[in-house]
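A.B. asks: Need a 3D model of the sequence below.
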Amino acid sequence: MDVKADDAACSQTSMDQLGVEATKPHMDEFPKDLRRAFDPVARQLRQVKELNDHIQLLVRDSDRTRDAFFLHKVLPELRTCRGTTT
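C.D. replies: Numbering: from 1, shown residues only. I've put the predicted structure just below:
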(Lines give C-alpha, C1' and ligand atoms only; values in the text may rest on other atoms or scores of the structure.)
Protein backbone atom coordinates (compact mmCIF):
# COMPACT_ATOMS: atom_id res chain seq x y z
CA MET A 1 0.00 0.00 0.00
CA ASP A 2 1.47 3.35 -1.04
CA VAL A 3 0.70 5.82 1.75
CA LYS A 4 1.90 8.85 -0.21
CA ALA A 5 -0.39 8.06 -3.14
CA ASP A 6 -3.36 7.44 -0.85
CA ASP A 7 -2.66 10.69 1.03
CA ALA A 8 -2.42 12.66 -2.21
CA ALA A 9 -5.65 11.14 -3.55
CA CYS A 10 -7.46 11.87 -0.28
CA SER A 11 -6.21 15.46 -0.24
CA GLN A 12 -7.24 15.99 -3.85
CA THR A 13 -10.72 14.57 -3.19
CA SER A 14 -11.15 16.87 -0.18
CA MET A 15 -10.01 19.91 -2.15
CA ASP A 16 -12.34 19.02 -5.03
CA GLN A 17 -15.29 18.77 -2.62
CA LEU A 18 -14.42 22.16 -1.13
CA GLY A 19 -13.95 23.74 -4.53
CA VAL A 20 -10.29 24.56 -3.87
CA GLU A 21 -7.63 24.25 -6.54
CA ALA A 22 -4.24 22.82 -5.65
CA THR A 23 -1.54 25.48 -5.91
CA LYS A 24 1.53 23.30 -5.31
CA PRO A 25 2.28 19.70 -6.13
CA HIS A 26 2.75 17.38 -3.16
CA MET A 27 6.31 16.78 -2.01
CA ASP A 28 7.86 13.43 -2.82
CA GLU A 29 9.85 13.32 0.42
CA PHE A 30 9.47 14.73 3.90
CA PRO A 31 11.64 17.65 5.03
CA LYS A 32 14.80 16.72 6.91
CA ASP A 33 15.68 18.17 10.29
CA LEU A 34 19.05 19.86 9.87
CA ARG A 35 19.42 21.06 13.47
CA ARG A 36 22.50 19.57 15.08
CA ALA A 37 21.79 20.19 18.76
CA PHE A 38 18.05 19.64 18.90
CA ASP A 39 16.78 17.53 21.80
CA PRO A 40 13.04 16.78 21.51
CA VAL A 41 12.88 15.34 25.04
CA ALA A 42 14.26 18.53 26.59
CA ARG A 43 11.86 20.60 24.50
CA GLN A 44 8.89 18.55 25.63
CA LEU A 45 9.97 18.86 29.27
CA ARG A 46 10.18 22.67 28.89
CA GLN A 47 6.70 22.74 27.34
CA VAL A 48 5.23 20.61 30.13
CA LYS A 49 6.87 22.84 32.77
CA GLU A 50 5.49 25.96 31.07
CA LEU A 51 1.99 24.46 30.97
CA ASN A 52 2.24 23.45 34.62
CA ASP A 53 3.40 26.95 35.64
CA HIS A 54 0.49 28.50 33.75
CA ILE A 55 -2.03 26.16 35.38
CA GLN A 56 -0.63 26.94 38.83
CA LEU A 57 -1.02 30.66 38.11
CA LEU A 58 -4.65 30.10 37.11
CA VAL A 59 -5.28 28.10 40.30
CA ARG A 60 -3.67 30.80 42.49
CA ASP A 61 -5.80 33.53 40.91
CA SER A 62 -9.02 31.51 40.89
CA ASP A 63 -10.23 32.66 44.39
CA ARG A 64 -9.99 36.32 43.44
CA THR A 65 -11.70 35.71 40.12
CA ARG A 66 -14.47 33.69 41.73
CA ASP A 67 -14.94 36.31 44.48
CA ALA A 68 -15.09 39.10 41.93
CA PHE A 69 -17.71 37.24 39.93
CA PHE A 70 -19.99 36.03 42.75
CA LEU A 71 -19.26 37.42 46.20
CA HIS A 72 -18.43 41.02 45.31
CA LYS A 73 -21.66 41.38 43.38
CA VAL A 74 -23.64 40.47 46.50
CA LEU A 75 -21.40 42.12 49.11
CA PRO A 76 -19.34 44.86 47.40
CA GLU A 77 -17.95 46.06 50.75
CA LEU A 78 -15.85 42.88 50.93
CA ARG A 79 -13.89 44.06 47.91
CA THR A 80 -11.62 46.15 50.14
CA CYS A 81 -11.14 43.43 52.81
CA ARG A 82 -8.25 41.03 52.53
CA GLY A 83 -8.26 37.65 54.17
CA THR A 84 -5.39 36.63 56.40
CA THR A 85 -3.49 33.42 56.09
CA THR A 86 -1.47 32.03 58.94
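A.B. asks: so after the helix or strand harbouring residue 61, what's the next helix or strand?
C.D. replies: Here residue 61 sits within helix 40-66, counting by DSSP states H and E. The first helix or strand that comes after helix 40-66 along the chain, using DSSP H and E, is helix 72-74.
A.B. asks: can you list contacts of that next one?
C.D. replies: With contacts defined as CB atoms under 8 Å, 6 or more residues apart in numbering, helix 72-74 is touched by 78, 79. Any C-beta I mention is one placed from the backbone N, CA and C, and that applies to glycine too.
A.B. asks: Show me which positions of that helix end up buried.
C.D. replies: Buried residues in helix 72-74, defined by neighbour count with 16 or more other CB atoms under 10 Å: none.
A.B. asks: pLDDT value on residue 16, please?
C.D. replies: Confidence at residue 16, expressed as pLDDT, is 85.
A.B. asks: coming back round to it: rounded mean pLDDT for the helix holding residue 61, please.
C.D. replies: 94.
A.B. asks: so how far is that helix from its chain's centroid?
C.D. replies: Relative to the centre of its chain, helix 40-66 is centred 12 Å away, using CA atoms, centre = their mean, to the nearest Å.
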